[in-house]
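Q: Could you look at this predicted model? Sequence included:
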Amino acid sequence: MKPKLPWDIIISKLRGNLTEEDTIIFNDWLKLDVNHQLFQQLELVWENVQNKVATYEPDLEYYWKELSARTQDDKLETSENKSSESRTKYIPIKRFYRIVAAASVLLAITFSGAYYLGKNNLSNHSAIQTYSSLTGKSKVILPDGTEVWLHNNTTLSYNSNFTSNTREVKMNGEAYFSVTHDAKKPFIVHSDGASVMVHGTKFNVNSYSTSHDILVSLYEGSVSMTAGDKDVMLKPGEEGSFNKLNSTLLVKKGDVEFAKSWTNDQLRFENKNLRYVCRYLSKWYSVNINIDPAIADNQSYTFTLRGENLDEIIRIMARINSIDYYFDDDNNLILKSKKTGKIMLQR
């Protein structure tokens, strides 16, 4: 059996509100060297967050929903095998490193009123500020007033002392920019060999290091996209695509509303089929969803998505469309045509 962690108790320990009974459980768990080492790593992450979060007014309700969703995941995972005497929830150790930093950032909200993990590197009177969105989405306000929404597993860095001629940032992941206009200082986004230059506009950049493509979707204004010796201009409603494997840079009509849909407070589906809904769920939750071709599109869904857990949404949809679903080892969501009477949920 794989080692597991007492998730609720560890969080309570970090927050400093362990009960006497939980203290006994925690100290007993901590006796093992492997557990002691893991907790030390968690403490380091937590301390870094406490010391380095930026001052910004966060959407507390949204992020506590995210934390609640994670703890609900653990309840779902263990509910069928949990004994009536047990009161402590656990998470598999393979998920520890994926959850540690995310949980720490979310917990930091309570104490600091912020959700940014920033790091200052001082050199030659310049300051490189790095922001990381480890889970969910977060909002960054740059020194010039530019607003940037960061999606899941996205990092953004910039010199806080913008030069007199340009405003430049580097990113990996997905981000939506609303750039403050300044004709004298073009705003430049660098990402994995491609650059986007603007003066003031709104656009989405999808550039994960694990993807072969960099996608720039222009919502309003105008931008130029450069990769290698290639340079193209985008107009509102267009999408620039750079393929890192064959170095092709193309422009086509794009679905910019879909590209930025993950930044919305909610999504409304009105009589939409499974594949349509899953396309948006994949974007919203930043997860790959693979649908069995045998599943028919003869069912429609009407609901509003806000901050609900993906498992909760899929479980309800599965009752309507009679499908099985599970998460594979790479955290891809697999939807299969239902063959048995039992819906499987794996982690």
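A: Right, received. Where do you want to start?

Q: hey, let's count contacts and neighbours off CA atoms from now on
A: OK.

Q: So which residues of the protein form helices?
A: 7-15, 20-30, 33-52, 60-78, 96-112, 256-259, 274-285, 310-321 (DSSP state H).

Q: In terms of mean pLDDT, which of those ranks lowest?
A: Sorting the helices of the chain by mean pLDDT places helix 96-112 lowest, at a mean of 42.

Q: Show me how this protein divides into domains.
A: 4-112, 117-259, 264-337 (automatic domain parsing).

Q: Turn those into CSV, columns for mean neighbour count.
A: CSV is the format used below for these (neighbours: other CA atoms under 10 Å):
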stretch, mean neighbour count
domain 4-112, 15
domain 117-259, 18
domain 264-337, 16
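
Q: Ile334 versus Asp328, what's the distance?
A: Computed with CA to CA, to the nearest Å, the distance linking Asp328 and Ile334 is 7 Å.

Q: what does Val34 give?
A: Val34 sits 33 Å away from Ile334, going by CA to CA.

Q: Same check on Thr304?
A: 22 Å.

Q: cool, and Ile316?
A: Per CA to CA, Ile316 is found 15 Å from Ile334.

Q: Check Thr155 too.
A: Distance of Thr155 to Ile334, given as CA to CA: 28 Å.

Q: Spit out the contact partners of Ser217.
A: By CA atoms under 8 Å, 6 or more residues apart in numbering, the contact set of Ser217 is Phe203, Asn204, Val205, Gly237, Glu238, Glu239, Gly240, Gly254, Asp255, Val256, Ala259.

Q: Tell me, what's the model's pLDDT at the nearest residue to the first one once chain neighbours are set aside?
A: Same thing as Phe203. Among residues not flanking Phe203 along the chain, Leu218 sits closest, at 4.4 Å (CA to CA, 6 or more residues apart in numbering). pLDDT for Leu218: 96.

Q: Leu218 reaches Phe258, doesn't it?
A: No - using CA atoms under 8 Å, Leu218 is not in contact with Phe258; the gap is 11.5 Å.

Q: Can you add distance to Tyr176 and give the contacts of Ser217 back as a markdown table?
A: Formatted as a markdown table, the contacts of Ser217 follow (distance: CA to CA, whole Å):
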| residue | distance to Tyr176 |
| --- | --- |
| Phe203 | 6 |
| Asn204 | 4 |
| Val205 | 6 |
| Gly237 | 15 |
| Glu238 | 15 |
| Glu239 | 14 |
| Gly240 | 15 |
| Gly254 | 15 |
| Asp255 | 14 |
| Val256 | 11 |
| Ala259 | 9 |
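
Q: What is the nearest of the residues you listed to Met171?
A: Within the contacts of Ser217, proximity to Met171 (CA to CA) peaks at Val205, which comes in at 9.1 Å.

Q: Tell me who's in contact with the residue positioned nearest the centre of the chain.
A: The centre of the chain sits closest to Asn152, judged by CA atoms, centre = their mean, with a distance of 1.6 Å. The contact partners of Asn152, taken as CA under 8 Å, 6+ apart, are Ser133, Leu134, Thr135, Gly136, Lys137, Gly173, Glu174, Tyr285, Ser286.
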